[in-house]
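>>> structure for this input, please:
(chains A and B)
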Amino acid sequence: MRVGVITFPGTLDDVDAQRAVKYAEGEAVPLWHADHDLKGVDAVIVPGGFSYGDYLRCGAIARFAPVMQEVVEAANKGMPVLGICNGFQILCEAHLLPGALTRNHKLHFVCRDQWLSVENNQTAWTTRYEKQAEILVPLKSGEGGYQADENTLKELEDNGRVVFRYVGENPNGSRNNIAGITNAKGNVVGLMPHPEHAIEALTGPTDDGLGMFLSLVDSVVKA
Amino acid sequence: MSIDTVKNAESTPEQDQPYKELGLKDDEYARIKEILGRRPTDAELAMYSVMWSEHCSYKSSKVHLKYFSETTTDEMRAKMLAGIGENAGVVDIGDGWAITFKAESHNHPSYVEPYQGAATGVGGIVRDILAMGARPLAVMDPLRFGPADAPDTRRVLPGIVAGVGGYGNCLGLPNIGGEVVFDPTYIGNPLVNALCVGAMRVEDLHLAHASGTGNKVILYGARTGLDGIGGVSVLASETFDDTAGKRKKLPSVQVGDPFTEKVLIECSLELFQKGIVVGIQDLGGAGLSCATSELASAGDGGMHVWLDRVPLRASGMTPAEILSSESQERMCAVVEPHNVEAFMEVCRKWDVIATEIGEVTEGDRLVITWHDEVVVDVPPRTVAHEGPVYHRPIERPADQDALIANTPDSLERPKDLLQLIKTMAASPNLSSKKWVTEQYDRYVRGGTVLAQPADAGMIRIDERTHRGVALSTDCNGRYTKLDPYTGAQLALAEAYRNVAASGATPVAVTNCLNFGSPEDPGVMWQFEQAVKGLADGCVELGIPVTGGNVSFYNQTGSTAILPTPVVGVLGVIDDVRRRIPTGIGAEAGETLLLLGETHAEFGGSEWAHHVHGHLGGLPPKVDLAREKLLGEILVAGSRDGMLSAAHDLSEGGLAQALVETCLIGETGARIFLEGDLFTELFSESSGRVLVAVPRTEEQRFTDMCTARQLPWRKVGVVDPESDSLEIQDLGQLPLAELRAAWEGTLPALFD
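All right, here's what the predicted structure looks like:
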């Protein structure tokens, strides 16, 4: 089970994503933004950070990186892809996922332990969770407000494509309390909170996030 | 544009030069002429003026700071790999790991431009750590502001917090602690101190030097622009004072770009790892003036720099401007000629601009040319290390006795203690700092074991052995005002205790000494006393000061800030899984013990300050032998799994410690106290820690305390069934009510 973790200039949570893959007993494979090469991996994580300084707009430059061309192609063929935080923003910019992430409604960066409910446990990344399970993972972002037009929201809601929802006070003004979504096939998932920071109670609020990486390992083993 | 060359300077010895405007005194200018045997060129004058500024040369503090190294014994020095004088102190923590840590101030720029001032403060200290060869791992930020409800605090605080967060978050460094303190004396002089800690393998320690004739000097990172020129000499070394009717020159504050710094860090670490760097120096205050003169004077040769090769972001910059620019995110490396291409290749990978700007030469001169004309020709040590040294007049302030005589004894005692607990918890200084710390990423890199609001920040250094370090910064300026010697020791004691309360063994100290004008003999007395107190305290605790920073001129008109010697203590823990949390409720059935002794000590207390606006008397007594014993007990308690929570008692006393430990642990408690309840709850006696002990360990733990003669008392029990803090004879405080009080203050002021 080889899981690629992309590093762009300005990526920060690549080490954390790699650690999470290892905790789930997968093999983490570093991928470099400038290479047209996925190194034969089975899945890809686009981690958090400030790719290219988030200049222009979060994720807007990263989507043009050579490695992202390969990710888009592989994702369209069904490869599991997970975008976390900045990675979610990049997947939206790359049109693998619909909608956009905007400045938090209170205009501050927010770092907190956030309860989420699992709305969809059928994706490649969420099968280890019970539906409606509540998990506690860190949220840390300045532009995490999920926005989409009414049609897109309806499409997401009607087809069970909302994967995670914020529980309690909406931390960033996301529409419908949306914290994470998936594509129609369920292989691409993006979310603002950070499951890779919740893989052990020592360094995270819980180990609730580990389930996402274990789910992935399961899915590839099954396939 | 005509450039002032050395040749020109020789032929025009009498030319007037604006040395006063650059902050140099008559005798300092005369000394430069004496060193050079001629008048300095414009470029040389720029170099000397920034390097001889208070900020860079420590000219007023040097004679006092010597006391730190004079008092450090060989035993204290045993684990120090580098100390004062290097970019940052380095300590051997075992398992082959070396830790480097340092604090620095960025006070004045942050008042002028809060966001960028604070942001570049973080950026600067991170480069200091990087320049030791270490990977920066975490930051902390001790902050001081004017009254929380003052209009200017609304301008300054949100900007500074956003700047610390904006830069640190984008850089990918967890923010694991710090302080937010309000006092009227900081209204015109907020303090922005930033601490960074990094780790490296012991063999990878890089010291700044430029040995080896023929080695190349490479400038890499951002281009050099017009930002921050003169920032050092003016912003950091002169008082903001427009009473004379003329505005002092206010040059632009440097502007930071954390993305560039993140890339610079990764690029530098790859360069270190490939072993192609002989010497490394960050560019901070005084920019290239500092980097070239320090690199050259630390090596065994001279240096030639071709200044016209420096990549610029503005056109028409003069050599003097290029030398004194404080553009951020730049580093200077010394590289052997055969490694230059490999160096450039790594920089190309990270899209970092790198330029060979100079070479190590025979001889002992720093020669800088501009299109083949010599504009600087100086002995580098005279720029970097042999600046002026002042023995400033020192005098105990005339009103110090009156201040001490005005004790808090006559202040009216409260009638409703339960209400007072809530009032104090909601006071700006004691209230939850969540509004601030929620804006900082504390998770990035996955090594954060403890972060605010814990007593100390803790990070895991080695994922295999679980070895880690803990850090705390502390200072109570009111205590220091009442007695600077004791106040500095109390700051040391508190930081030491906080680290021990997390389960780590304190091993080293850094400091950031924030004071008023050194030209005021009263301020110099405070400074001298604080330095002595801190150094003597370190001797008593047996841990060395490995580095520090001095910030003077923190005053507006004749009003100086409270003397604020912020002390940072570093601790080591063999296994971070044995950390002690701050909140109770982790185990079923815990007993609450108060370690240490409580006396009626209210001088400089938060109660006197918040309720009565009173500052007078003497600060709490300090007993460092007791602190050391307390620390040993806490570490033993952590190692043997006898403690389930620990929280240091400081401002606000036991009452505040109880509120915090309950709210952080989201668990209630029942407390029973004896004696005068006001003293028991609100005294700020030093050397005390509240611990939670699993009932099964109670006997073993208290036996250990008794055997080692550490006073202890049972003060209550944790009650997981209860949702309130109950104090016998007083009543109950529902946790929800306490939380609303504790967490409500800052959002109400700043949202």
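>>> which non-adjacent residue is nearest A:Asn120?
A:Val163 (4.6 Å; CB to CB, 6 or more residues apart in numbering or on different chains). For glycine as for every other residue, the C-beta is placed from the backbone atoms N, C-alpha and C.
>>> can you give me the pLDDT of the closest residue to chain B within chain A?
Residue nearest to chain B within chain A: A:Gly53 (2.9 Å; CB to the nearest CB). Per-residue pLDDT puts A:Gly53 at 93.
>>> who's in contact with it?
Going by CB atoms under 8 Å, 6 or more residues apart in numbering or on different chains, A:Gly53 touches A:Pro9, A:Gly10, B:Cys170, B:Asp257, B:Pro258, B:Phe259, B:Thr260.
>>> quickly find the element holding the residue nearest to A:Asn120.
strand A:162-166 (DSSP states H and E).
>>> from the chain's centroid, how far away is the next helix-or-strand element following that strand?
Proceeding N to C from strand A:162-166, the next assigned helix or strand is strand A:178-182, under DSSP H and E. Chain-centre distance of strand A:178-182: 9 Å, with CA atoms, centre = their mean, to the nearest Å.
>>> tell me, how many residues neighbour residue 169?
Since you didn't name a chain, this refers to chain A. Neighbour count of A:Glu169, defined by other CB atoms under 10 Å in any protein chain shown: 9.
>>> um, chain B though
A count of neighbours around B:Asn169, defined by other CB under 10 Å, yields 26.
>>> quick one: contacts for it?
With CB under 8 Å, 6+ apart, B:Asn169 has these contacts: A:Phe50, A:Phe109, A:Cys111, A:Lys140, A:Gly142, B:Pro258, B:Tyr440, B:Asp441, B:Val444.
>>> now do the SS call for the residue lying closest to A:Pro66 once chain neighbours are set aside.
Residue nearest to A:Pro66 in three dimensions, not counting chain neighbours: A:His36, with 4.6 Å by CB to CB, 6+ apart. Classification of A:His36 using DSSP: H, G, I helix; E, B strand; the rest coil returns coil.
>>> dihedrals phi and psi, A:His36?
Torsion angles at A:His36 (phi, psi; degrees, to the nearest 10) stand at phi -80, psi 60.
>>> so how far is B:Glu266 from it?
Here the criterion is CB to CB, to the nearest Å. By it, A:His36 lies 21 Å from B:Glu266.
>>> neighbour count for those two, which is higher?
When A:His36 and B:Glu266 are compared for neighbours, B:Glu266 comes out ahead with 20 against 10, by other CB under 10 Å.
>>> pretty sure the more buried one contacts B:Asp351?
No - when contacts are counted by CB atoms under 8 Å, B:Glu266 is not listed as touching B:Asp351 (10.9 Å).
>>> picking up where we left off before, mind checking which of the contacts of A:Gly53 are in strands?
With DSSP state E as the criterion, strands contain none of the contacts of A:Gly53.
>>> show me what the strand holding A:Val163 is packed up against.
strand A:110-118, strand A:178-182, strand A:188-191 (3 or more CB pairs under 8 Å, 6 or more residues apart in numbering or on different chains; DSSP states H and E).
>>> in three-state terms, label B:Ala398 for me.
Here B:Ala398 is recorded as coil under three-state DSSP.
>>> and chain B, which of its residues are near chain A?
B:162, B:165-166, B:169-172, B:257-260, B:262-263, B:350-351, B:437-449, B:460, B:463, B:576-577, B:751 (CB under 8 Å from any CB of the partner chain).
>>> out of those residues, which are buried?
Among the residues of chain B next to chain A, those buried by neighbour count (16 or more other CB atoms under 10 Å in any protein chain shown) are B:162, B:165-166, B:169-172, B:257-260, B:262-263, B:350, B:437-449, B:460, B:576.
>>> so which residues of the stretch 101-250 of chain B form helices?
B:107-112, B:114-130, B:151-171 (DSSP state H, counting those that start in this stretch).
>>> now do the buried residues in the longest helix along chain A.
Longest helix in chain A by number of residues (criterion: DSSP state H): helix A:210-222. Residues of helix A:210-222 classed as buried: A:Leu210, A:Gly211, A:Met212, A:Phe213, A:Leu214, A:Ser215, A:Leu216, A:Val217, A:Asp218, A:Ser219, A:Val220 (neighbour count, 16+ other CB under 10 Å).
>>> mind checking which helix or strand of chain B has the lowest mean pLDDT?
When the helices and strands of chain B are scored by mean pLDDT, DSSP states H and E, strand B:80-82 comes last with a mean of 85.
>>> beta partners for the residue nearest the centre of chain B?
By CA atoms, centre = their mean, chain B has its centre lying nearest to B:Ala103, at 2.8 Å. Beta bridges link B:Ala103 to B:Leu195, judged by DSSP bridges.
>>> contact residues of chain A facing chain B?
Contact residues (CB under 8 Å from any CB) of chain A with chain B: A:9-10, A:12-13, A:15-16, A:19, A:49-50, A:52-55, A:106, A:108-112, A:138, A:140, A:142, A:194, A:196-197, A:199, A:202-204.
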